[in-house]
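**Student:** Below are the sequence and a predicted model for it; my questions follow.
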Amino acid sequence: MVGSGPPAVPGTDGPPTGHPGTRRSKIGVLALQGAFREHIRMLTGLGADAGEVRTPGELDGLDGLVIPGGESTTIGLLMEKGGLLTPLREFVEARPVFGTCAGLIMLARSTVDGEQPLLQVMDVTVRRNAFGRQTRSFEAPVDLALIPGVQETFPGIFIRAPWVERTGPDVEVIARCDGRIVGVRQDRVIGVAFHPELGDDTRLHAYFLGLVTAGAVRPPVRR
Ligand code: GLN
């Protein structure tokens with residue numbers, strides 16, 4: 001083992017990307033606002049080729065995309081202003097995507113509290129700031145169910161977090177906190193209400209990179 005840094009030869013120390021002889025996965029991290037640098041650091045540590053995305057052209061050639069936390073209304077507004085809404089909608093319909101906190105909100109079909117621009121790729125309804133405005137930020141163990149039949153615990157960092165109020169028939173619950181749904185997957189799209197990029201547990205990012213490796217051959221999400 002070589003600690004937390006990337007192995008000298010990707011794929012030789014167990015990262016989910018880049019088997020010997022194949023190229024590293026190219027992951028874009030939407031960098032309009034919010035915690036994008038932390039995602040890039042974590043993905044790079046896992047052996048991916050991760051970089052910032054601010055323009056439609058920067059989506060070209062990406063194998064997957066991360067939409068970070070921040071403020072979903074602001075992120076939506078900046079997407080609109082930057083002409084990114086349509087290119088992003090097309091991208092998330094076709095490729096693996098990982099949204100955290102505001103990123104989960106952006107992926108949702110709807111929010112309970114009104115209209116805002118959303119990418120609407122996941123058949124879920126989210127409640128923004130669901131844990132109460134008083135509880136702006138807290139840490140709590142999350143029950144993770146990434147692998148069928150295997151229950152894990154993940155250290156959840158929540159910052160004015162949403163939760164998922166409704167899931168459609170194609171949506172799998174992958175994380176709960178106090179019984180609330182805080183993580184979902186619909187085919188190759190995953191969203192969590194907390195911030196794995198702010199801790200040092202890389203399991204969710206590794207899981208996402210696993211979806212990226214498998215994702216290119218999957219059919220689009222049903223709407
Ligand atoms: N409360 C924010 C929103 O509604 C999300 C917070 C976060 O991403 N940490 O968009």
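**Tutor:** Yep, that arrived.

**Student:** what about the residue most central in space within the chain, is that helix, strand or coil?
**Tutor:** Centroid-nearest residue in the chain: Phe98, 2.1 Å away (criterion: Cα atoms, centre = their mean). Assigned by DSSP: H, G, I helix; E, B strand; the rest coil, the conformation of Phe98 is strand.

**Student:** tell me the pLDDT at it?
**Tutor:** pLDDT, Phe98: 98.

**Student:** So what pairs up with it in the strands?
**Tutor:** Val66, Ile190 (DSSP bridges).

**Student:** Where does the prediction get shaky in the protein?
**Tutor:** 1-22, 133-135, 215-223 (pLDDT under 70).

**Student:** Around the ligand, which positions in this structure sit nearby?
**Tutor:** Within the chain, the positions lying close to the ligand (Cβ under 6 Å from any ligand atom) are Gly69, Gly70, Glu71, Ser72, Cys101, Ala102, Ile105, Arg128, Asn129, Ile159, Arg160. C-betas here are computed from N, CA, C, even on glycine.

**Student:** Chain neighbours aside, what residue packs nearest to the second one?
**Tutor:** If you skip the residues right next to it in sequence, Gly70 has Gly34 as its closest partner in space, 2.4 Å away by Cβ to Cβ, 6 or more residues apart in numbering.

**Student:** quick one: that neighbour is in a strand?
**Tutor:** No. Under the criterion used here (three-state DSSP), Gly34 is coil, not part of a strand.

**Student:** Please report phi then psi for it.
**Tutor:** In terms of degrees, to the nearest 10, the main-chain angles of Gly34 are phi 90, psi -160.

**Student:** Contacts only, for it.
**Tutor:** Pro68, Gly69, Gly70, Glu71, Ile75, Ala102 (Cβ atoms under 8 Å, 6 or more residues apart in numbering).

**Student:** Of the residues of the chain next to the ligand, which belong to helices?
**Tutor:** When DSSP state H defines the helices, the subset of the residues of the chain next to the ligand inside them is Ser72, Ala102, Ile105.

**Student:** List the contacts of the last one.
**Tutor:** This means Ile105. Ser72, Gly99, Thr111, Leu118, Val126, Arg128, Pro162.

**Student:** Repeat the analysis, applying 7 Å as the threshold.
**Tutor:** Residues near Ile105 by Cβ atoms under 7 Å, 6 or more residues apart in numbering: Ser72, Thr111, Val126, Arg128, Pro162.

**Student:** Repeat that for the second one.
**Tutor:** For Ala102, the residues meeting the contact criterion (Cβ under 7 Å, 6+ apart) are Gly34, Gly69, Gly70, Glu71, Ser72, Ile75.

**Student:** same deal with the first one?
**Tutor:** Contacts here follow Cβ under 7 Å, 6+ apart; on that basis Ser72 touches Ala102, Ile105, Met106, Gln116, Arg128.

**Student:** ok so, going back, just checking, which of the contacts of Ile105 belong to strands?
**Tutor:** Among the contacts of Ile105, the ones falling in strands (DSSP state E) are Thr111, Val126.

**Student:** Which of the contacts of Ile105 sits closest to Val184?
**Tutor:** Nearest to Val184 out of the contacts of Ile105 is Val126 (Cβ to Cβ; 9.2 Å).
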